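[1] fold the following, please.
(one chain, ligands or ions: 2)
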Amino acid sequence: MSTSTAAGSMPAKTYVSIGSIKPLGARLDVPEAGGGCGTSGGEGKASCGSSGGPDDMPAEIWEKVKNHPCYSEEAHHHYARMHVAVAPACNIQCNYCNRKYDCSNESRPGVVSQKLTPEQAVKKVVAVASEIPQMTVLGVAGPGDSLANPKKTFETFRLLQEQAPDIKLCISTNGLALPDYVDEICKYNVDHVTITINMVDPAVGEKIYPWIFWDHRRVTGYEAAKILHERQMLGLEMLTARGVLTKINSVLIPGINDEHLMAVNREVKKRGAFLHNIMPLISEAEHGTHFGLTGQRGPTAQELKAVQDACAGGANLMRHCRQCRADAVGLLGEDRSEEFTLDKIEEMEVVYDLDKRRAYQEKVEVERQAQHAAKQEALAASAAVEVDQDMKVLVAVATKGGGRVNEHFGHVTEFQIFEVSAAEALFVGHRRVDLYCQGGHGDDEQLPSVVKAINDCHAVLVAKIGACPRDELSTAGIEPVDQFSGEFIEKAALDWFNGYRARIAAGEITHQDRGDAQIRQGAFTGGLAAAA
Ligand code: CLF
Ligand code: SF4
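    Numbers count the residues shown, from 1 in each chain. Ligands and ions are numbered 1, 2, ... in the order given. Prediction:
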């Protein structure tokens, strides 16, 4: 591949060599003529990173988050990000990481990214941007630590700013080196920084970090955790002072920092963190990590939600993280990295057309505003249904993107979960499941595990569903609903909920509390709720 994009004076249209890549629009279902987190972080005006809009925050903050899929839940339905694996080295050891694989602070363990030089990375970003017009953010998230590889990380940013200045820059770091690079971060207009903070007490930290490399020596135990903690807090304060939006990732490790994460949430909020993303530990013996080999388990989906709920009211929470890999490409939850390997890029003819990208993003914006308006309309209808105004239920949704109910039950690998009440339809997480439809036929052996994954939900909204799963779900007390196929998710969830309450009021059905289903799945609620 060759590019002719020019620094500073970049032409609106840049031609390079091209291949045939699946357009992302096919997944987004953006109508041709159709009609869209933020938070105020420590300043606390808005709702969470999952649902805030332009009315909830200062205009300059909205500009920074409105098309960042990680910083705005609403944006993640419509906009994509990509990572480039330019940062192989790391300066600390986490007990959930095996250096053979990517940084588990921002990636699923057990996957390996193709490492790139800054020049290769920029070629790849320009190629992806020309094929995926709603790819708006480039992140450096490993495979080691972005700031343990400062030359490669910042050289990538420098080169990219010359070739594709419309792409937002983002980094993820463990924070040890962060205070040393705040000036560089600001120099390259990196608007978004993620720090992984798993503790604010070194006594907890020494159970997570066996050592750090600091001041030309290896430091272990309590002293290592104390230095890391102090550097993380200092780095966060420095970023806040410079107006850089900072997200905190925390890995939830049952029995080690589960109840401690409420204290982490409080401390990072105090220091101006914009969002707090509590992610589940993924721990398997085959990953070869200390935790994997010593039997440390990860949390259940319900344990994760319980900790997130216990933090409600503190720093705003991100709940839509997909723990993507260090070379992830596409919408959160999808992985198109295989389409953009180095050899494939070499054969592509790249057309980096800034006008086309902007035009496409404008269309996405119209769609997003339509989604927002539909939700407001459904909420108004909700207020008119006077029965059971305090009821809250969970609803699972089958979607392939674009904020719509548009996936068949049999094709789902991940359900989105919404908490629905008369006052809100709030994204609260996702649940991965095994594919039910294999080669055009339902695999009935998979059904029990799919049903179990969502058995704390009252309904599942799908584009289509077969007779067999319909029966199995109904038997489990989960209502299969296909009447909202193609509609916006929040509106569909609220409309279903309003009908559900009306049927209860008419005596047609009885509301079943599905709390017992959560207990069957091993949720713990009492201790954490009390700790909150
Ligand atoms: Fe990447 Fe991280 Fe930037 Fe997003 S990911 S560096 S903030 S652009 Fe996002 Fe992926 Fe979760 Fe990270 S879903 S793992 S939070
Ligand atoms: Fe691994 Fe990332 Fe921790 Fe470094 S910071 S040890 S790469 S998880």
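[2] where do the helices sit along the stretch 401-532 of the chain?
    Using DSSP state H, counting those that start in this stretch, the helices assigned to the stretch 401-532 of the chain run over residues 447-453, 467-475, 489-505, 515-520, 526-531.
[3] distance to ligand 1 added to those helices, as TSV?
    Where you see a C-beta, it was placed from the backbone N, CA and C, and this is true even at glycine. Converted to TSV, these look like this (distance: least, CB to the nearest ligand atom, whole Å):
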stretch	distance to ligand 1
helix 447-453	20
helix 467-475	29
helix 489-505	18
helix 515-520	24
helix 526-531	22
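[4] quick one: closest of these to ligand 2.
    Comparing those against ligand 2 with CB to the nearest ligand atom, the closest turns out to be helix 526-531 (25.1 Å).
[5] tell me which helix or strand Thr153 sits in.
    helix 150-163 (DSSP states H and E).
[6] what is the rounded mean pLDDT of that helix?
    When pLDDT is averaged along helix 150-163, the result is 95.
[7] pull out the buried positions in stretch 390-406.
    If you call a residue buried by 16 or more other CB atoms under 10 Å, then stretch 390-406 has these buried ones: 391, 393-406.
[8] got it, and stretch 371-382?
    By neighbour count on 16+ other CB under 10 Å, the buried set for stretch 371-382 is 371-372, 374-375, 378-379, 382.
[9] nearest residue to the residue nearest the centre of the chain other than its sequence neighbours?
    Geometric centre of the chain, nearest residue: Cys321, 2.2 Å, by CA atoms, centre = their mean. What sits nearest to Cys321 in space, not counting adjacent residues and going by CB to CB, 6 or more residues apart in numbering, is Asn277, at 5.0 Å.
[10] helix, strand or coil for the one you found?
    Three-state secondary structure (criterion: DSSP: H, G, I helix; E, B strand; the rest coil) places Asn277 in strand.
[11] tell me who's in contact with it.
    Counting by CB atoms under 8 Å, 6 or more residues apart in numbering, Asn277 makes contact with 49, 70, 194, 247-250, 317-318, 321.
[12] equivalent analysis for Leu473, please.
    With contacts defined as CB under 8 Å, 6+ apart, Leu473 is in contact with 451, 460, 479-480.
[13] who wins on neighbours among those residues?
    Val460 (25 neighbours; other CB atoms under 10 Å).
[14] what sits against the residue lying closest to Gln296 once chain neighbours are set aside?
    Among residues not flanking Gln296 along the chain, Ser283 sits closest, at 5.4 Å (CB to CB, 6+ apart). Applying CB under 8 Å, 6+ apart, we find Ser283 in contact with 96, 109, 289, 291-292, 296-298.
[15] now Ser283: phi and psi?
    When read as degrees, to the nearest 10, the backbone of Ser283 gives phi -140, psi 110.
[16] close to ligand 1: what parts of the chain are there?
    70, 81, 83, 106, 137, 139, 141, 170, 172, 192, 194, 247, 277, 321-324, 332 (CB under 6 Å from any ligand atom).
[17] can you narrow these to ones near ligand 2?
    Near ligand 2, by the rule CB under 6 Å from any ligand atom, you find none of the residues of the chain next to ligand 1.
[18] just these: which are in strands?
    81, 83, 137, 139, 170, 172, 192, 194, 247, 277 (DSSP state E).
[19] for the stretch 151-300 of the chain, give me the ranges with low pLDDT.
    Of all residues in the stretch 151-300 of the chain, none has pLDDT under 70.
[20] the residue in it that ligand 1 sits nearest to: neighbour count?
    Residue nearest to ligand 1 within the stretch 151-300 of the chain (CB to the nearest ligand atom): Cys170, separated by 3.3 Å. Residues near Cys170, counting by other CB under 10 Å, number 24.
[21] residues touching it, list them.
    By CB under 8 Å, 6+ apart, the contact list for Cys170 reads 68, 70, 81, 137-140, 190-194.
[22] dump these to CSV, plus neighbour count.
    Putting the contacts of Cys170 into CSV (neighbours: other CB atoms under 10 Å) gives the following:
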residue, neighbour count
His68, 24
Cys70, 28
Arg81, 27
Val137, 21
Leu138, 25
Gly139, 24
Val140, 28
Val190, 25
Asp191, 19
His192, 24
Val193, 26
Thr194, 27
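[23] and which of those is nearest His411?
    Arg81 (23.4 Å; CB to CB).
[24] quick one: contacts for the closest one?
    Arg81 neighbours (CB under 8 Å, 6+ apart): 68-70, 135-139, 170, 324, 328, 332.
[25] just the pLDDT for it.
    Listed pLDDT for Arg81 reads 93.
[26] look up how far Leu116 lies from it.
    According to CB to CB, to the nearest Å, Arg81 and Leu116 sit 16 Å apart.
[27] same check, this time on Ile195
    Note on Ile195: its distance to Leu116, by CB to CB, is 23 Å.
[28] I'd guessed Phe418 sits against Leu426; true?
    Yes - the pair Phe418 / Leu426 is scored as a contact, 6.3 Å apart, by CB atoms under 8 Å.
[29] how many residues are close by Gln323?
    Residues contacting Gln323 under the criterion other CB under 10 Å number 18.
[30] quick check: it touching Ile282?
    Yes - using CB under 8 Å, Gln323 is in contact with Ile282, at 7.0 Å.
[31] ok, now which ones touch the residue of the stretch 201-350 of the chain found nearest ligand 1?
    Residue of the stretch 201-350 of the chain nearest ligand 1, by CB to the nearest ligand atom: Cys321 (3.3 Å). With contact taken as CB under 8 Å, 6+ apart, Cys321 is in contact with 70, 249, 277, 279, 332.
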